[in-house]
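Q: Sequence plus the predicted model coming up.
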Amino acid sequence: MSNPEVFPIPEHVADNANIDLASYEALYRLSIDDPEGFWKEEAKSIDWIQPFKIVKETNFNPVNPTIRWFADGTLNASVNCIDRHLTAKANKPAIYWQGDAPQESRTVTWGELADQINRFANVLKDLGVQKGDVVTIYLPVIPEVIVAMMACVRIGAIHSVVFSGFSAEALANRINDAGAKILITADEGRRGGRVVPLKRNADAAVEHQPTITDVVVIRRTGASVPFTMGRDHWFDELITQANPWCEPAVIGAEDPLFILYTSGSTGKPKGLVHTTGGYLVHTGTSWRNIFNWHEGDVFWCTADVGWVTAHTYKIYGPLLNGATSVLFEGIPTWPDTSRWWSIIEQYKVNIFYTAPTAIRSLMREGEAPVRQHDLSSLRILGSVGEPINPEAWHWYHRVVGGGRCPIVDTYWQTETGAVLLVPLPGAIPNKPGYAAKPYFGIRPVLTNSQGTVLEGQAEGNMCFADSWPAQARTILHDHERFVRTYFSQFPGYFFTGDGASRDHEGYYRISGRVDDVINVSGHRLGTVELESAISSHPAVAEAAVVGYPHEIKGQGVFAFVTLKATVEENEALRHEIVNLVRSRIGPIASPDQIQWAPALPKNRAGKILRRILTRVAANEFENFGDTSTVADPAVIDEIVRRRRQSSHHTVAL
Ligand code: WT7
């Protein structure tokens, strides 16, 4: 992409910018020259119980990194997210909730939230939850998910939210890894007019989890669901009996706030551990700056509560700032394809944050569904989760934003906790597809494969040279993996796993993952995790999974599967494999294409050559690079022949 168009900052944004160009430049300089001084100021946005004396104790040593922020301070997250807004806002809306069906909606005030949180915190205590215990939350996007998270952190328990689209098995793995005591779920969820059997999945997951003592069930649909006496409890019954005040626990800044699982290069999901003080400081201040939020604005982030986007910029960011936000349970295309636009109109949303994959799928519906609605309340648009392609960027900007809203393309990860690269809307003019410039305190570095730092205009591995407060501190039970994955590859730097380029003006553009992770609709899937799910089918001898370009999802899942010698290739088997992946991981991981491969291309050491498979999946049959290491070149010829054939008629599942 050479010389993309530059979009100047619109006047209405420049006029009331929280951060303009001059203050971005001055504050960025300060944040790099004097990170202690900078973050000490930012930390004033938080109410501390015991103020900290030490701001930053960090180094990116490749074998023994240290990441500690505000370590001698104490605070309580729920007090910062809720209590301190009550004097001014007890009767003001915190949340506009809209259910899957348009006629279902609720407004929840700050006072009501506080009441529920305090009561539920007492319930958790009564169930024996103590500081440092893990509580797993498996809920749809309903206000109670916020109540549950905040109740945990009020008493110092650690929440682990698991995406409600994950299967029972995926939920069980995450409960087990965390050793969770309590599971919070709902009778059912609703998505796109369909029922999600949450309690049934939860029951299946808990069946073999000795650590779970109690299951709290929220009545979402009122359906009758199986109930295990003694273990299961109705949320509403517990809440009404509970004491409406719970003294907030005193929590150390470096005590864990939450765990969130994400996929990596091995088969086992990683439970990233985030701690309290640094996360809240970075999250609250960056949310306000990224979205140029002002008192009275209505904010809407469409992410599901199971992802880090929702943790940081849908839940903690708005709550820390006392902002009103929209929570929507459903999907953009039900009951019709203008659902999102009607919600924006209804609640007069000012700031809207979503993912490129959603934009691409709505773009396909044309402009009419958008044009039916008055979106003039919108001021700022955000994008997250994957690189946004210029076509989607322009459509989002022109059709949704009416040409007047900057697009904040926020680059970050589950591991980073909060934003790293972003065009701050009042300071940095947009270039479509560019996550642009470092946030305060962030020191981006590009390295080549030898680890040499590249200067000026360059393309390389996206690394960062110094710590930021919201950074994850470890992988639960596997600190060695944490160090190896992020700090050992390029000594002295945190390595993201992404590739990126930097242009002549210092703008960064992320090109995508360079490790064995694929990004499907903004969700990370580990190829090894997918391969082991597929290989667990009795007919499968071996599988190799790669990402390939997909019009809507960004990347799709392409599986090359070798069947056992005695098994015939057949269509039914394809569907069995897809169903197996859905039940072992969840529908988001469904393979988009399965190609039978009599053998997989390997080197002489037996390692599968994914580089070649990635090209074949993308229908690129030339330039396989160095194939001298391939043990049997005929294997590649056969794979190419089959791919060429299948590209002519559709085999998409
Ligand atoms: C991976 C992190 C950040 C919350 C959502 C995903 C990709 C994320 C961008 C962006 C290009 C992006 C990267 C990253 N990614 N945001 N603005 N531009 N790529 O969190 O599941 O931890 O995934 O998402 O590849 O490494 P996650």
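A: Alright, I've got the coordinates.

Q: Enumerate every residue touching Asp214.
A: Each residue near Asp214 by CB atoms under 8 Å, 6 or more residues apart in numbering is listed here: Leu127, Gly128, Lys181, Ile182, Leu183, Arg231, Asp232, His233. Where you see a C-beta, it was placed from the backbone N, CA and C, and this is true even at glycine.

Q: my bad, Leu75
A: The contact partners of Leu75, by CB under 8 Å, 6+ apart, come to Ile46, Asp47, Trp48, Ile49, Ile251, Ala253, Thr276, Gly277, Leu280.

Q: In the sheet, which residues pair with Ile67? Tell me.
A: Ile67 forms beta bridges with Thr58, as assigned by DSSP bridges.

Q: most neighbours, which of the contacts of Asp214?
A: The most crowded member of the contacts of Asp214, judged by other CB atoms under 10 Å, is Leu183 (27 neighbours).

Q: List the contacts of that residue.
A: Neighbouring residues of Leu183 by CB under 8 Å, 6+ apart: Val135, Thr136, Ile137, Tyr138, Ile175, Ala202, Ala205, Val206, Ile212, Asp214, Val215, Val216.

Q: and it, what are its bridge partners?
A: Listed beta-bridge partners, Leu183: Thr136, Val215 (assigned using DSSP bridges).

Q: still on that earlier bit, looking at the contacts of Leu183, which is nearest Val108?
A: Ile137 (17.4 Å; CB to CB).

Q: ok, that closest one to Ala223 distance?
A: Distance of Ile137 to Ala223, computed by CB to CB, to the nearest Å: 20 Å.

Q: same check, this time on Arg513
A: For Arg513, the distance to Ala223 equals 40 Å [CB to CB].

Q: Please say which of the two ends up with more neighbours.
A: More neighbours surround Arg513 than the other of Arg513 and Ala223, with 19 against 12 (other CB under 10 Å).

Q: Starting from Gly526, give me the distance back to that one.
A: Distance from Arg513 to Gly526, by CB to CB: 10 Å.

Q: Quickly find the element holding the residue lying farthest from the centre of the chain.
A: Going by CA atoms, centre = their mean, the residue of the chain most distant from its centre is Thr566, 41.8 Å out. Under the criterion DSSP states H and E, no helix or strand holds Thr566.

Q: just to revisit the earlier point, turn the contacts of Asp214 into CSV, columns for pLDDT, secondary structure and distance to Gly99.
A: Below are the contacts of Asp214 laid out as CSV (pLDDT from 0 to 100; DSSP: H, G, I helix; E, B strand; the rest coil; distance: CB to CB, whole Å):
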residue, pLDDT, secondary structure, distance to Gly99
Leu127, 98, coil, 28
Gly128, 98, coil, 33
Lys181, 96, coil, 30
Ile182, 98, strand, 25
Leu183, 98, strand, 23
Arg231, 97, coil, 28
Asp232, 98, strand, 24
His233, 98, strand, 23
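
Q: List just the nearest of those to the ligand.
A: Taking CB to the nearest ligand atom as the measure, the ligand lies nearest Leu183 of the contacts of Asp214, at 22.8 Å.

Q: and the helix or strand Asn461 falls within, does that touch the ligand?
A: Using DSSP H and E, Asn461 sits within strand 458-464. No: Strand 458-464 lies out of reach of the ligand by CB under 6 Å from any ligand atom, never closer than 8.0 Å.

Q: In that strand, which residues are buried?
A: The neighbour-count check on strand 458-464 (16 or more other CB atoms under 10 Å) flags Gly460, Asn461, Met462, Cys463, Phe464 as buried.

Q: burial of Cys228, as a residue count?
A: Actually, residue 228 is Thr rather than Cys. When neighbours are counted by other CB under 10 Å, Thr228 registers 11.

Q: Fine, thanks again, bye for now.
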